[in-house]
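**Q** From the sequence below, what's the structure:
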Amino acid sequence: MAYRILVVEDEPDTQEMLAALLKLDGHRVETADSGQEALNLLAGRSYDVILSNIRMPGMDGSELYRRIEQRWPHLAPRVVFVTAEGSTGFQAQYGGAPVPLLAKPYTVERLRQVIARVVEHNT
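**A** Numbering: from 1, shown residues only. Below is the predicted model of the structure:
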């Protein structure tokens, strides 16, 4: 099944690779280079999954997540952090559940599993 996915990644090569992988699986993918650009996209659209880097200049992934929780709380459970730094221990403000984490490097199969889990829990 095809999902609408937002990729928030400041590294162009990583953003391009992740978007290409997702498109090969048939997903509709949009990309944002920053947390602010992601917020602008979220103001006009909804997504099934939001994949966000944690470490970005300006607004990092955790700040983006907090703003999503405040403005669009129904989208907060759809956020997945993508990082090379291992577990961040970041907890959702509402409900206290940990935000899913996709650790780099990851396999295509792991990426698919994380997306399927997020969609399964939010439909």
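**Q** any idea how far the host helix or strand of Ile68 is from the chain center?
**A** Assigned by DSSP states H and E, Ile68 falls within helix 61-71. Averaging C-alpha positions (C-alpha atoms, centre = their mean, to the nearest Å) puts helix 61-71 11 Å from its chain's average.
**Q** who does the next helix or strand after it pair up with?
**A** Remark: after helix 61-71, the chain's next helix or strand is strand 79-83, criterion DSSP H and E. Counting by DSSP bridges, the strands paired with strand 79-83 are strand 49-53 (parallel), strand 101-103 (parallel).
**Q** Mind checking what helix or strand follows the last one in sequence?
**A** Just to be clear, that refers to strand 101-103. Beyond strand 101-103 in the direction of the C-terminus, DSSP H and E gives the next helix or strand as helix 108-121.
**Q** any idea of the mean pLDDT for that following helix?
**A** Mean per-residue pLDDT for helix 108-121: 93.
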